[in-house]
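**Student:** could you look at this predicted model? Sequence included:
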Amino acid sequence: MHPVMFLVSLGLLLGALLLAVTTSLSLEAAARCLGKWVRWPIAIAVQAVALFSLSALAWSAIGYWVGDLGRPISSLMPAQTDLAKVGFATQLAQMLWWWIPPIFLLALPLTALLLAARLVGHRPGHVQVLLAGLPGIVWLAVVEDAFHMPGVLARIIPALHSPQTPSILMLLWPALLLAFVWWTVVFIWPRSPLPYQPSALEKIREGALAIGLSPDEVWKRHLLQPQLRQFLADLCSIAAIGMSLWISLGCPGNVTLSAQMHQALSAALDDPQAPLRATLPYMLCALSLWLLGRIIQPRLR
C-alpha cells in the first residue's frame, strides 16, 4: 500500500466525516425548530437517501454533469495543461474540483444516515458517528471506484467482480486501518459530558428490585420482551443497510443482478435516471426493513 494512496483515502474519509457531522447537526437544529410533527417525515425522507445505492447516485450525478451539461470532472477527465504556465487561481480551482465531487457524494449518505439517527434514534451522537464508520468505509470504496480516485480502496469493487480475486485479507486490511482511524478520531474528538438520564428500562428495573423481585424475575417480567424487540429492530436496521451496501457494490455473487446493475450504470451518460430506476425497488425494500425496525423498537427514553 502506497502512503500517498492511503492519504488520499484518509483525506476523502475525514473530509466527508467532518462535512456530514456538521451538516447533520445544522439540519437537526433546523428540523427541531419546525416542531415534533416533522421529525418522522424528515427522518424517513433522509433515510431513503441513505439507503439509496451510492453507486447509482454517483453515476447519475456523473451522467447529468457530463452527459447533459457537457462539463468535465477533474478526476475522470484531468485537464491537459502545463501547470507551470497557468496561474495560482487555476491550479487552486483544479485541485478543489478534484476533491469536491467525491467528498460531497461520500458525505451525502453519511449526512442522511446521521440526521435520521439524530431525529428518531436513541443513541448518543458520538455512538451514531461511530456506527456510521462501517457503511462509510464501503461508500468510500464506491466513490473511489466511480471517480477513479487513486485511493487504497479503489480496487475492491473490481476485485469483487473479477473471477480471479486476490487475497481478501490484502484487500480489506487498508479498509480496517481506515476504520481504526475513523473510530480513533471519534473517540478523541472533544465533546461536552451529558448528564446521566436513566432509560425507561433502567427505571423499571430499579423499581422492580425495590419492591422485592429477584433479578431473574425482573428480567423475565420486564426486560426480556424489550430486549428481544431491540434485538429484532437492530437486525432489521442491519439488514436494511446491508442490502443498500450490497447494491452499491454492484451485487457481487449474483451474476444476473450484477449484469443488470452494470448495464444501468453504463447507460448513465445517455440517461442519467437509468441507475436510479434500476435501484429504486431495492431502496424501497431496504426502507421497509428500516421502518419495520422502527415500528417494533421499544421506546427507550
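**Tutor:** Nice, I can see it. Because the structure is a prediction, the values reported are computed rather than measured.
**Student:** and Arg123, what element?
**Tutor:** Secondary structure from DSSP states H and E places Arg123 outside every helix and strand.
**Student:** how about the contacts made by it?
**Tutor:** If a contact means Cβ atoms under 8 Å, 6 or more residues apart in numbering, then Arg123 has 117, 131 as its contacts. Placement of C-beta: from N, CA and C, glycine included.
**Student:** any idea how far it is from Ser266?
**Tutor:** Separation of Arg123 from Ser266 (Cβ to Cβ, to the nearest Å): 39 Å.
**Student:** where does the prediction get shaky in the stretch 1-150 of the chain?
**Tutor:** 1, 78-86 (pLDDT under 70).
**Student:** which residues in it form helices?
**Tutor:** 3-33, 39-51, 54-62, 88-120, 125-131, 133-146 (DSSP state H, counting those that start in this stretch).
**Student:** so for Glu217, which of those sits nearest?
**Tutor:** Of all the helices of the stretch 1-150 of the chain, helix 125-131 sits nearest to Glu217, with 30.6 Å by Cβ to Cβ.
**Student:** now Gly67: closest residue in space that isn't a chain neighbour?
**Tutor:** With Cβ to Cβ, 6 or more residues apart in numbering as the criterion, Gly67 has its nearest non-adjacent residue at 4.0 Å, and that residue is Leu269.
**Student:** quick one, what contacts that neighbour?
**Tutor:** If a contact means Cβ under 8 Å, 6+ apart, then Leu269 has 62-63, 66-67 as its contacts.
**Student:** mind checking which helix or strand Leu292 is in?
**Tutor:** Counting by DSSP H and E, Leu292 is part of helix 274-296.
**Student:** what angle do that helix and helix 54-62 make?
**Tutor:** Put simply, helix 274-296 runs at 140 degrees to helix 54-62, going by axes from the mean of the first three to the mean of the last three Cα atoms, to 10 degrees.
**Student:** can you add distance to Arg294 and mean neighbour count and give the helices of the stretch 1-150 of the chain back as a markdown table?
**Tutor:** Shown next, in a markdown table, are the helices of the stretch 1-150 of the chain (distance: least, Cβ to Cβ, whole Å; neighbours: other Cβ atoms under 10 Å):
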| stretch | distance to Arg294 | mean neighbour count |
| --- | --- | --- |
| helix 3-33 | 17 | 17 |
| helix 39-51 | 9 | 19 |
| helix 54-62 | 22 | 24 |
| helix 88-120 | 7 | 19 |
| helix 125-131 | 15 | 18 |
| helix 133-146 | 18 | 24 |
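**Student:** distance to Asp234 added to those, as CSV?
**Tutor:** Formatted as CSV, the helices of the stretch 1-150 of the chain follow (distance: least, Cβ to Cβ, whole Å):
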stretch, distance to Asp234
helix 3-33, 21
helix 39-51, 15
helix 54-62, 22
helix 88-120, 13
helix 125-131, 10
helix 133-146, 14
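**Student:** of the ones you listed, which approaches Trp182 most closely?
**Tutor:** helix 133-146 (4.3 Å).
**Student:** please state the offset of stretch 59-71 from the chain centre?
**Tutor:** Mean-position distance between stretch 59-71 and its chain equals 23 Å (Cα atoms, centre = their mean, to the nearest Å).
**Student:** first-to-last residue distance for that stretch?
**Tutor:** End-to-end distance of stretch 59-71 (Cα to Cα, to the nearest Å): 14 Å.
**Student:** stretch 141-156 now?
**Tutor:** Terminal residues of stretch 141-156 are spaced 7 Å apart (Cα to Cα).
**Student:** shaky segments in the stretch 151-300 of the chain?
**Tutor:** Judged by pLDDT under 70, the stretch 151-300 of the chain has its weakly predicted residues at 164-170, 190-206, 208-210, 212-216, 218-223, 298-300.
**Student:** which stretches in it count as helices?
**Tutor:** Under DSSP H, counting those that start in this stretch, the stretch 151-300 of the chain gives helices at 156-160, 168-188, 200-210, 215-218, 224-248, 255-266, 274-296.
**Student:** can you put those helices in CSV and add distance to Thr22 and mean neighbour count?
**Tutor:** Output for these, formatted as CSV (distance: least, Cβ to Cβ, whole Å; neighbours: other Cβ under 10 Å):
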stretch, distance to Thr22, mean neighbour count
helix 156-160, 28, 17
helix 168-188, 14, 15
helix 200-210, 31, 13
helix 215-218, 42, 12
helix 224-248, 22, 17
helix 255-266, 31, 15
helix 274-296, 24, 18
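**Student:** so which of those helices comes closest to Ala56?
**Tutor:** Of the helices of the stretch 151-300 of the chain, nearest to Ala56 by Cβ to Cβ is helix 274-296, at 3.7 Å.
**Student:** what helices or strands is that closest one leaning on?
**Tutor:** helix 39-51, helix 54-62, helix 224-248, helix 255-266 (3 or more Cβ pairs under 8 Å, 6 or more residues apart in numbering; DSSP states H and E).
**Student:** good, wrapping up.
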